[in-house]
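**Student:** sequence plus the predicted model coming up.
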Amino acid sequence: MEKRSCLFCNDDLKGRSDKRFCTDQCRASYNNQNRAESEKVIQQVNQVLRRNRTILKTLNPAGMSVIRKEFLEERHFNFKYFTSLFKTKEGNEYWFCYDMGYMYLDEDKVRIVGHQKYMKG
């Protein structure tokens with residue numbers, strides 16, 4: 001009988017003949033290690049977007065808040081990353097990170113809002 005080993009940690013494999021990894025952790029680590037570079041970029045962008053959304057959600061417990069822009073910057077909010085842009089009929093622009101958005105009121109303040117059902121886009 002041929003001795004088989006885990007593709008990630010090289011430990012001996014026991015069990016099914018088509019088994020390639022000794023544990024789920026080894027399988028996940030192997031796949032993460034061999035993930036294409038473009039997939040890693042997507043992961044990094046999603047990480048920034050999730051952090052941005054969490055910051056907006058935390059600072060907006062009431063559904064609509066006005067805060068100083070520096071408050072977002074102190075929490076490492078990255079203004080370059082957003083998932084969508086919504087323009088109102090009045091010409092206002094809201095930048096969204098998933099379901100949480102913000103609008104510049106002036107150079108120092110932003111309004112934070114949650115996505116509303118009547119907003120299209």
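**Tutor:** Yep, it's here.

**Student:** below-threshold pLDDT in the chain: ranges please.
**Tutor:** Within the chain, the ranges that satisfy pLDDT under 70 run 1, 117-121.

**Student:** next structured bit after the longest helix anywhere in it?
**Tutor:** Using DSSP state H to define each element, the chain has its longest helix at helix 37-58. Next helix or strand after helix 37-58 toward the C-terminus (DSSP states H and E): strand 64-68.

**Student:** contacts for the helix or strand just after that following strand?
**Tutor:** Downstream of strand 64-68, the next assigned helix or strand under DSSP H and E is helix 69-74. With contacts defined as Cβ atoms under 8 Å, 6 or more residues apart in numbering, helix 69-74 is touched by 55, 59, 79, 102, 104, 107-110. The C-beta positions use only the backbone N, C-alpha and C, and glycine is treated the same way.

**Student:** please redo it, this time with the cut-off set to 10 Å
**Tutor:** For helix 69-74, the surrounding residues in contact (Cβ atoms under 10 Å, 6 or more residues apart in numbering) are 52, 55-56, 59, 65, 68, 77-79, 102, 104-110, 112.

**Student:** may I see the ChimeraX selection of the buried members of the residues you listed?
**Tutor:** Of the contacts of helix 69-74, the buried ones can be selected in ChimeraX as follows, counting by 16 or more other Cβ atoms under 10 Å:
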select :52,55,56,59,77,102,110,112
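
**Student:** got the buried residues for the longest helix of the chain?
**Tutor:** Under the neighbour-count criterion of 16+ other Cβ under 10 Å, helix 37-58 has 48-49, 51-53, 55-56 buried.

**Student:** just checking, Q116 touches M100?
**Tutor:** No: using Cβ atoms under 10 Å, Q116 is not in contact with M100; the gap is 11.6 Å.

**Student:** which one's more surrounded, these two?
**Tutor:** Set Q116 next to M100 and count neighbours by other Cβ atoms under 10 Å: M100 wins out with 23 against 11.
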